[in-house]
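> This is a predicted model, with the sequence first.
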Amino acid sequence: MSDTSTTVEFIARLGSAMLSADYPVTMVRHTLERVAAEQSTDCPVLVLPNFIQAGDRQHTTMARGAALRYDQTFPLGELVEQAQTRRLDPAEGLAELDRIHAMPRRFGGGVSVIGYGLQSAAYALILQPTVLSLLAATGFGLLVGLLELLTRRNPALRQLLPVLSAFLVTYVAFSLGRLLHMGHDSLRVLIAPLTLFLPGVAITLAVIESSTSEMVSGSARLMAGLMRLAQLALGILLAVQLLGLTWSELVDVPVNTLGSWAPWLGVAVYAVGIILHLGPPRGFAPWLTLVLFTAYGAQLLTNEVFGGYVSGFGGGLILILSALALSRLSMTPVAQVMLAPGFWLLVPSSIGMIGLAQLASGQGSAAITVMLVSMMSIALGFTTGYAMWNAVARRGAGSDTATEL
């Protein structure tokens, strides 16, 4: 067995990688405690959203992990499961973490850009199924995907990417809207290509962590999410002011000229876009498609019964329950990696970005409220689903089988 310092280093780096993959702080802490118990090591941990300290005075390790790509979260999820259920050699665990961080992308940059263009086209099919909206969203998606590719190795420019993208998309969209008389398509076409920057994950984690008394982490996540919203709003408002847009040009009118089948086709196109843009492992496509259609169907049903404000709650509730249920099968990945794509679909399908775009119309406070309620509705659906799953798990097989947040 490895010495204590190696064990402590493995625990710290494992927790850092989990934070980089957007695991809630409470889940990270619980996991690390179980790993320490498996290793028969006394290892107190301090977990914050971007920092971990593990060990005692004699053996202390601090870790700040770089963000993981979506495809890297698959082997990480397997490592987390192995580390909790059997005594994994810490040296082997560290080597696996090194391998995960060094993993090459499944597809090249060009394929990734095309994938994001397809994701943007999918959102257009879901939110505004018209020919003009579809063409514009695809073009803008390719533009934003290219900008994301060009700034991958430049952290300074990457920090400015939300503002730059929001400005370019808004300026070009409304300029073309005036030129081509697009009318109602102009506002909604902003939503699809800018979904890459929506802080839905940060806000959802903030709600989850705040509801589990992790107030420091929850507050930090919420502020990070609000800052991202401010960046997007700044880019949109700069373009609006520069163009001198009028009230009539900022009216949002949902239109479907393609047919009721278009949003469902959009979900399928979105699955293809996720595979090309993020490059998950082979064999994940069927599970991805199942989770996406299940979450979107639940969201539509909830919208029909209770209205748009609650639609995110229903989608989030069914998404988390279906992901947890599927993760129990031997051939499926862990729940965390199945949750992410469904969540990315739910956020813009809710009200979200429409409220942000309407900041330009002078109703900023109301728009922000609508947008936050939309995102928090999904987060509350998640926490309710977790609670329901844990209650059933505890009643059926004891508390050790419950999923901790």
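Here it is on my side, so go on.
> Phi first, then psi, for residue 54.
phi -130, psi 150 (degrees, to the nearest 10).
> my guess is it meets residue 44, correct?
Yes: when contacts are counted by CB atoms under 8 Å, residue 54 is listed as touching residue 44 (7.4 Å). For every residue, glycine as well, the C-beta is placed using N, CA and C.
> which of these two has more neighbours?
residue 54 (27 against 13; other CB atoms under 10 Å).
> so what are the domain limits for the chain?
4-101, 125-401 (automatic domain parsing).
> now those as TSV including distance to residue 116?
Shown next, in TSV, are the domains of the chain (distance: least, CB to CB, whole Å):
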stretch	distance to residue 116
domain 4-101	12
domain 125-401	3
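> got the contact list for stretch 88-103?
With CB atoms under 8 Å, 6 or more residues apart in numbering as the contact definition, stretch 88-103 has outside contacts at 1-2, 6-7, 9-11, 13-14, 17, 38-39, 66, 68-69, 71-72, 75-76, 79, 82-83.
> go on, stretch 298-305?
Here stretch 298-305 has contacts from 310, 311, 312, 313, 314, 315, 317, 318, 319, 346, 349, 350, using CB under 8 Å, 6+ apart.
> switch to 10 Å and redo it
For stretch 298-305, the surrounding residues in contact (CB atoms under 10 Å, 6 or more residues apart in numbering) are 263-264, 308-319, 321-322, 342, 345-346, 349-350, 377-378, 381.
> chain center to it: distance?
With CA atoms, centre = their mean, to the nearest Å as the basis, stretch 298-305 stands 21 Å off its chain's centre.
> Show me which residues of that stretch are buried.
298, 299, 300, 302, 303 (16 or more other CB atoms under 10 Å).
> so which helix or strand takes in the second one?
The one in question is residue 299. Per DSSP states H and E, residue 299 falls inside helix 285-306.
> Could you export that helix as CSV, CA atoms only?
Output of helix 285-306 as CSV, limited to C-alpha atoms (Å, rounded to 0.1, in the frame of the first residue of the first chain):
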residue,chain,number,x,y,z
ALA,A,285,-25.3,8.1,-28.4
PRO,A,286,-28.3,5.9,-27.6
TRP,A,287,-28.3,6.9,-23.9
LEU,A,288,-27.8,10.5,-24.8
THR,A,289,-30.7,10.5,-27.1
LEU,A,290,-32.9,8.7,-24.6
VAL,A,291,-32.1,11.2,-21.8
LEU,A,292,-32.7,14.2,-24.1
PHE,A,293,-36.1,13.1,-25.4
THR,A,294,-37.2,12.1,-21.9
ALA,A,295,-36.2,15.4,-20.4
TYR,A,296,-37.7,17.5,-23.2
GLY,A,297,-40.9,15.5,-23.2
ALA,A,298,-41.3,16.0,-19.5
GLN,A,299,-40.7,19.7,-19.9
LEU,A,300,-43.3,20.0,-22.6
LEU,A,301,-45.9,18.1,-20.6
THR,A,302,-45.2,20.2,-17.5
ASN,A,303,-45.6,23.3,-19.6
GLU,A,304,-49.0,22.2,-20.9
VAL,A,305,-50.3,21.4,-17.5
PHE,A,306,-48.8,24.1,-15.3
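> circling back: just the buried ones among the contacts of stretch 298-305, please.
263-264, 310-319, 321-322, 342, 345-346, 349-350, 377-378, 381.
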